[in-house]
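Participant: When you get a sec, could you give me coordinates for this:
(chains A, B and C)
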Amino acid sequence: MADIDKKARDKTKIINIFGETNETWRRLKKNKTAVFSLFVLIILAVLGIFADFVAPYSYFEQNLHDLLQAPSRAHWLGTDQYGRDILSRLIYGTRISLSVGLIAVGLALFAGGILGSVAGFYGKRIDTLIMRFMDIMLSIPSVLLALAIVATFGTSLPNLMLATGISTVPGYARLIRASILSNKEHEYVEAARAVGAGDFEIITKHILPNCLAPILVQATFGVATAILTVAGLSFVGLGLQPPIAEWGSMLSEARGYIRDYSYMLISPAVTIALTVFCLNTLGDGLRDALDPKLRD
Amino acid sequence: MNQPLLEVKNLKKHFNTKEGILYAVDGISLTVDSGETLGLVGESGCGKSTIGRTILRLNEPTAGEILYKGNNIVKYSKKDMKKLRKEMQIVFQDPYTSLNPRMTVQQLIEYPLKVAGNTNTAERKERVREVMNVIGLEQRLIDSYPHELDGGRRQRIGIARALILNPSFIVMDEPVSALDVSIQAQILNLLIELREKYDYAYLFISHNLSVVKHISDKIAVMYLGKIVEIANYQTLFKNPLHPYTKALLASIPRAKIGSNANRNILMGDVPSPVNPPKGCRFCDRCPSAKEICFEAEPKLSSYGGSLAACHLIGIFEVKLNE
Amino acid sequence: MESNRELMKIKNLSVSYKSSNGTVHAVRNLSLTIKEGETFGLVGETGAGKTTAALSILRILPEISTESLAGQIIFNGEDLLKKSRKEMRKIRGKDIAMIFQDPMTSLDPVNTIGSQIEEMIQLHTHLTKKEIRKAAEQMLETVGIRKERFSDYPYQFSGGMKQRVVIAMALSCNPKLIIADEPTTALDVTIQAQILELMRGLKEKYKTAMIMITHDLGVVADICDTVAIIYAGQIVEYGTVEEIFYSHQHPYTEGLFHSIPDIDVAQSKLKVIEGVLPDPTAFPSGCSFHPRCPYVKAKCSQIEPDNRNVGNNHFVKCFRGTSEEGCD
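Facilitator: As a prediction, the model looks like this:
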């Protein structure tokens, strides 16, 4: 009871590892795959942001002389059935995928965060109310829900973001609620209360910042899932409409040309797979880097 | 000013648990005068930590009154409590978990000022430096994080944070129990120094009787949610009245050879506050228990300068006179 | 007194760990001798290296982070540091048993306490099931637990009772040495008194030698025969309990005694040891205690003092009081 050195050291590790970005970075660096993934993702993001300057051609300009060209010096990844440069379309497609992924996750995190925080912090009836509502949401198949939203409200970019994000809200709500439940009993929260801090201040300034780790990991995986969902929606024609370049719709369009012009299919497929792989590996790496038990 | 700074009357705090109602604090009355230190001593389950928090309304009391400067603060609104927080503060036991790991020393110590509404950054920084000086924390650590510092320094941050609003009353919840022996001594000296300088009133909660004796003017002994004895710090040790107090004193291993043999060790386990015994709470472990102890709860009565709750004290006194 | 035969001799034990800040030298050139039946107190504060030293005896240091382990631990004529895993397994529990600090976590929550004691006996003896059961029940009674509670689970016991079970497990194979790592620190003071009384009684009965790791000098006075004070991974003072209590010489030992508020003496300011515990990755030069020592001289920061024999088998690692003391 009096001597808590070892327990205190362990507790310190658990609390502090989430507060120490340097330490986390150092541990992440040890994971070569995760670092490589991060590198690739950064490159993709840069390409997407500066697509206007980087892409060799525009994504919609048709070049009817150069239809269905195999990869060549002029067109590194070849051209599609309308003579559009595939590489350029992929680069512009990065914008869509990454932005939808990030914004969908961001919105879901915001909504789930508020719901989870309120449920976890205040408990009792409001907790039950919110979590049972989350359970209801979870019982609706996510793909179906996405399809329903897009089919009803149209295929604009905001609708896509809503469709991909909405079914992940309960997941984040649960996660944040659990984090809040475990962190709200910490003494430093009590200390803040003892000084007169209000509920909002306590949640936003003291509890949530210390819950970042699991949220960060989950969000990384969430972006990967969102990208797959958007690609999936586009593939069945419920995503962004042509001529907007999107990886999923590129896949869909390539379906009719698989036998003789397989490069049309391979490029977007590999890009999707690579991006999702990198996000997942990064997420795994983050989870390991943030896990206090794996500390040396 | 004859009015005590803090007066607690019949305070109760019960928790609802799966096993039943937990009578953590079950009818406690005590007073603390301005500048006085009341030590609160007891083992696990006695309710001493709960009472510290309940007095500051970090837990809502189930029943009873808490009079601060004569006003019953149990009914105070959140706004009024916020104002009161400037005067009533708390230092926590665990220097590792009571500090937000993401805040620097500066941010931790100035936090009460911020919450109280002080928006002047420079002024706050100045105050923090002042307090750090008083507390004995090196100025160069002002931008360090808690995990970079040792237990003793962290506890100083905790103390600095409690002092920055110039309170009159501070609850110290086992402030040195988590520290090494040599650091304990430093912090205890610091607390005594501060008290002498600024005239703070302390409610010093600890399970360590030697430490409590060193710093308190009066000591209250708690058992299973009740106070069993309150006495002046010297009287408690020279002339303990309650059988539990006597047992506690006997249990402490003395750092002297040979004084530890032939002690009257208290048998049995520390009971759970969920199902307290009927009658006197101590009856099932008391070596001198009589029938009345199992039936009726003794009241805190006055014997000379001390207060004790035991049916048998009168009897012994009679015996002495025979 | 008990027989004077040497049971264990630790020679120049050094243990270091890897950590994110560098190498932690947890134990540095530690040497001590334990006789049969003796209760040896190892006193120090956090990070002094006492638990590391204890874990090295049983070779249960965490493998991942241990960087080096050097020296000799001679037990029963053999060096434990040279033994294989298999050989160590035979020794653990049978010849040397350990009692850990926190009774809440040292018992397996999903097995009854009786079966845990039986497991211990079964691992090291060749008794029949019936005999094992009987032995286990007897152990329970010896530590003051009714044998009706044989099939109860750890959660049904209080902290003090759990610690009794742990002691029963440690004693069940009648080991020659028990290492007790702060066995009463996590317990309430009245329960602590009970457990110490129990341990004293068992010590008398079984004549087991014990290494008692603690930071509480009261516990040392209660139960130890010999005491070693550890600071910064080294033993700075070593002697019988009377020598240490009545004629301690090392400034750190003196500081420790002064840091404890004496319950029988009137209130006054405590004479504290200034400064903080040293950084285990970067110890001060010369004598590790010199930055905090009230008697420090120039020599202390340059040369590490030897273990000086001040008579009566009392050793002190300090220059004070000798002709070599300093620039005087």
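
Participant: Now do the buried residues in the strand or helix carrying B:Ser29.
Facilitator: Per DSSP states H and E, B:Ser29 falls inside strand B:20-32. Buried residues in strand B:20-32, defined by neighbour count with 16 or more other C-beta atoms under 10 Å in any protein chain shown: B:22-32. All C-beta spots, glycine's among them, are computed from the backbone N, C-alpha and C.

Participant: Report the mean confidence score over that strand.
Facilitator: Across strand B:20-32, pLDDT averages out at 90.

Participant: Let me see the backbone angles for the residue in the stretch 201-328 of chain C positioned nearest to chain A.
Facilitator: Relative to chain A, the nearest point of the stretch 201-328 of chain C is C:His215 (6.7 Å; C-beta to the nearest C-beta). With angles defined as degrees, to the nearest 10, C:His215 sits at phi -110, psi 0.

Participant: give me every residue that touches it.
Facilitator: A:3, B:180-181, C:43-46, C:182, C:185 (C-beta atoms under 8 Å, 6 or more residues apart in numbering or on different chains).

Participant: out of those residues, which are inside helices?
Facilitator: Mapping those onto helices (DSSP state H) picks out B:Val181.

Participant: between the contacts of C:His215, which is nearest B:His311?
Facilitator: Comparing the contacts of C:His215 against B:His311 with C-beta to C-beta places C:Thr185 closest, at 35.1 Å.

Participant: Tell me how far that closest one lies from chain A.
Facilitator: 4 Å (C-beta to the nearest C-beta, to the nearest Å).

Participant: Tell me the predicted confidence for that residue.
Facilitator: Note for C:Thr185: predicted pLDDT of 84.

Participant: the strands in chain C, which residues?
Facilitator: Ranges of strands in chain C, per DSSP state E, are C:6-19, C:22-35, C:39-43, C:66-75, C:78-79, C:96-99, C:177-181, C:209-214, C:226-231, C:234-240, C:308-309, C:315-316.

Participant: so how far is C:Pro278 from the one residue in the stretch 101-250 of chain C that gets nearest to chain B?
Facilitator: Nearest residue of the stretch 101-250 of chain C to chain B: C:Gly218, at 3.1 Å (C-beta to the nearest C-beta). Distance of C:Gly218 to C:Pro278, computed by C-beta to C-beta, to the nearest Å: 26 Å.

Participant: Would you tell me which residues of the stretch 151-296 of chain A are close to chain B?
Facilitator: By the rule C-beta under 8 Å from any C-beta of the partner chain, the part of the stretch 151-296 of chain A lying against chain B is A:186-188, A:190-197, A:201, A:206, A:209-210.

Participant: Can you list which of those are found in helices?
Facilitator: A:187-188, A:190-194, A:201.

Participant: Include neighbour count and pLDDT when you put the residues you listed into CSV, please.
Facilitator: Listed next are those as CSV, based on neighbours: other C-beta atoms under 10 Å in any protein chain shown; pLDDT from 0 to 100:
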residue, neighbour count, pLDDT
A:Glu187, 19, 84
A:Tyr188, 26, 88
A:Glu190, 21, 87
A:Ala191, 26, 88
A:Ala192, 21, 89
A:Arg193, 20, 87
A:Ala194, 24, 87
A:Glu201, 14, 87
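
Participant: and which of these is nearest to C:Lys147?
Facilitator: Closest approach to C:Lys147 among these (C-beta to C-beta): A:Glu187, at 41.8 Å.

Participant: can you pull the contacts of the closest one?
Facilitator: B:92-94, B:97-98.

Participant: do you know how far it is from chain C?
Facilitator: Counting by C-beta to the nearest C-beta, the separation of A:Glu187 from chain C is 19 Å.

Participant: Show me what from the stretch 51-200 of chain C comes close to chain A.
Facilitator: Contact residues, the stretch 51-200 of chain C versus chain A (C-beta under 8 Å from any C-beta): C:51, C:64-65, C:101-102, C:182, C:185-188.

Participant: okay if I get those residues as JSON lines plus neighbour count and distance to A:Phe133?
Facilitator: As requested, those are exported to JSON lines (neighbours: other C-beta atoms under 10 Å in any protein chain shown; distance: C-beta to C-beta, whole Å):
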{"residue": "C:Thr51", "neighbour count": "23", "distance to A:Phe133": "50"}
{"residue": "C:Ile64", "neighbour count": "8", "distance to A:Phe133": "45"}
{"residue": "C:Ser65", "neighbour count": "13", "distance to A:Phe133": "47"}
{"residue": "C:Gln101", "neighbour count": "24", "distance to A:Phe133": "46"}
{"residue": "C:Asp102", "neighbour count": "22", "distance to A:Phe133": "42"}
{"residue": "C:Glu182", "neighbour count": "22", "distance to A:Phe133": "49"}
{"residue": "C:Thr185", "neighbour count": "19", "distance to A:Phe133": "48"}
{"residue": "C:Ala186", "neighbour count": "23", "distance to A:Phe133": "43"}
{"residue": "C:Leu187", "neighbour count": "26", "distance to A:Phe133": "47"}
{"residue": "C:Asp188", "neighbour count": "23", "distance to A:Phe133": "46"}
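
Participant: Out of the strands of chain C, which gets nearest to B:Val171?
Facilitator: Among the strands of chain C, the nearest to B:Val171 by C-beta to C-beta is strand C:209-214 (29.9 Å).

Participant: ok and that closest one relative to strand C:39-43, angle-wise?
Facilitator: Orientation check (axes from the mean of the first three to the mean of the last three C-alpha atoms, to 10 degrees): strand C:209-214 against strand C:39-43 gives 20 degrees.

Participant: List the contacts of strand C:209-214.
Facilitator: Contacts of strand C:209-214 (C-beta under 8 Å, 6+ apart): C:7-8, C:34-43, C:50-51, C:54, C:57, C:176-185, C:199, C:203, C:219-220, C:223-224.

Participant: May I ask which helix or strand of chain C has the lowest mean pLDDT?
Facilitator: With mean pLDDT, DSSP states H and E as the measure, the helix or strand of chain C carrying the lowest mean pLDDT is helix C:103-106 (a mean of 82).

Participant: Right, I'll leave it there.
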